[in-house]
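> need a 3D model of the sequence below.
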Amino acid sequence: MSCLSISTMSNNEPLWLRDGQGIPPKIRWTFSTEASLVAMEMGRESGEILAADSAGGLYRIDRRGQLLTLSRGMKGVRAIAWSDTSAAGAVIVGEKKVFRLNSKLEADWSVGLPEPALAIAVTPFGRQTAISLANGGNLVLGQESEQLSVFETMRPLKWIQFLASEPVLIGAADYGQICAYQLNGQQIWSEKSFTSLGDMSAASDGQTILLAGFNHGIQALDSSGAVRESYLIEGTVCRVSCSFNADRIAAATLERHLYWLDSDGQLLWATQVDEDIFRVICDPLGEWLLCGFSSGQILRLDWES
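Sure, this is the predicted structure:
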């Protein structure tokens, strides 16, 4: 099956789009990778998407759903990071290898790691790369792969994300710890978490940090990691994403529910889709949502007027 990018007409819309609660979006476009989806990220400033499939395909897609670049040279991708400007990115390949990518999806450099890598993040302009390891170690590398800092956390971090407003790395373990660190490895704060997590997403300034807490719903933390409130929704919440200032929140559950919420956790739209949701990503302004399905289909769901 070849990759495709098509506009979806209203008479071809799936039933789940019409059968939901609240104000439904329009499907602006769909895109399908050649194999199952294994990673997906978006440049918040450019709106470009970087996706990877299980057959080794890397796809750079513009905000209109058009394929810009396709690379088939990296099999075994487990996680990707993509800068806000889409100038650079990074991928974890296999257990212990990281490649830094330029905007053409060419590898500028690679590093071998002493332990399996869990997560990866790049700064908004793509100049620094952070890698979390299975033994609790964490690395921050510079533009030429030089080591800027090494630090350890109490628990291995399964999710890491750089803030857009300041050089701060937010991290979360799947159980036991939420934390924030400077680029030099100095800890800013660390809080214990007593909930198993399925995902993490932070607003651009870190004033809101959202956690997908499975049966505990969505937990909203403040800029110091303290729980501010919880949003309980139907289902086992495993994916979460927020807009630039957390004015809009997207969430997905293991039962295939898809939710669109406001900043207070109030329901704006909800539905139940036909297949497993791999990733949800809010656009910075909270006007549209990217939904990536495990099958490889990616949809842009749009509330723009």
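> distance of the nearest residue to Gly217 once chain neighbours are set aside from Ala226?
Setting aside the residues directly before and after it, Gly217 is nearest to Leu232 in space (CB to CB, 6 or more residues apart in numbering), at 4.1 Å. Placement of C-beta: from N, CA and C, glycine included. From Leu232 across to Ala226, the span is 19 Å (CB to CB, to the nearest Å).
> now Asn135
For Asn135 relative to Ala226 (CB to CB), the value is 28 Å.
> that older thread, and the residue nearest to Gly217, its phi and psi?
Torsion angles at Leu232 (phi, psi; degrees, to the nearest 10) stand at phi -90, psi 120.
> near it, how many other residues are there?
Neighbours of Leu232 under the rule other CB atoms under 10 Å: 11.
> over to the one 4 residues further on?
For Thr236, the number of neighbouring residues by other CB under 10 Å comes to 17.
> number of residues surrounding Ala180?
Ala180, neighbours per other CB under 10 Å, totals 20.
> Lys104 too?
Lys104 - counted by other CB under 10 Å - has 9 other residues nearby.
> please name the residues that touch it.
Thr69 (CB atoms under 8 Å, 6 or more residues apart in numbering).
> hang on, it in a strand?
No. Counting by DSSP: H, G, I helix; E, B strand; the rest coil, Lys104 is located in no strand; its state is coil.
> how close does it sit to Gly89?
11 Å.
> repeat for Glu34
20 Å.
> more neighbours: those two, which one.
Using other CB under 10 Å as the criterion, Glu34 and Gly89 rank with Gly89 on top: 25 against 17.
> list the contacts for the residue nearest to the spatial centre of the chain?
Per CA atoms, centre = their mean, the C-alpha nearest to the average position across the chain is that of Glu41, at 5.3 Å. Counting by CB under 8 Å, 6+ apart, Glu41 makes contact with 49-50, 80-82, 89, 281.
> repeat for Leu113
Contacts of Leu113 by CB under 8 Å, 6+ apart are 96-98, 131, 133, 139.
> strands - which of those residues land there?
Using DSSP state E, the members of the contacts of Leu113 that fall in strands are 97-98, 131, 133, 139.
> from the residues you listed, which is closest to Arg28?
Val98 (32.9 Å; CB to CB).
> what is the neighbour count of that closest one?
23.
> the nearest residue to it once chain neighbours are set aside: neighbouring residues, count only.
Spatially, and ignoring its direct neighbours in sequence, Val98 is nearest to Val111 (5.2 Å; CB to CB, 6+ apart). Neighbour count of Val111, defined by other CB under 10 Å: 17.
> go ahead and confirm Phe214 touches Thr236.
Yes. Counting by CB atoms under 8 Å, Thr236 is a contact partner of Phe214 at 5.0 Å.
> so what sits against both of those two?
Leu254.
> helices of this protein, start to end?
15-18 (DSSP state H).
> where does the prediction get shaky in it?
1-11, 305 (pLDDT under 70).
> please parse it into its domains.
If you go by automatic domain parsing, the domain ranges for the chain are 1-32+232-305, 41-194.
> mind putting those in TSV, distance to Ala202 included?
Formatted as TSV, the domains of the chain follow (distance: least, CB to CB, whole Å):
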stretch	distance to Ala202
domain 1-32+232-305	8
domain 41-194	5
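> out of those, the one nearest Thr208 is which?
domain 1-32+232-305 (3.9 Å).
> hang on, the earlier thing: quick check: of the ones in strands among the contacts of Leu113, which lies closest to Gly76?
Closest to Gly76, out of all of the ones in strands among the contacts of Leu113 and judged by CB to CB, is Lys97, at 8.3 Å.
> what's the burial count for the closest one?
16.
> I'd say it and Gly112 touch.
Yes. With contact defined as CB under 8 Å, Lys97 counts as touching Gly112 (6.0 Å).
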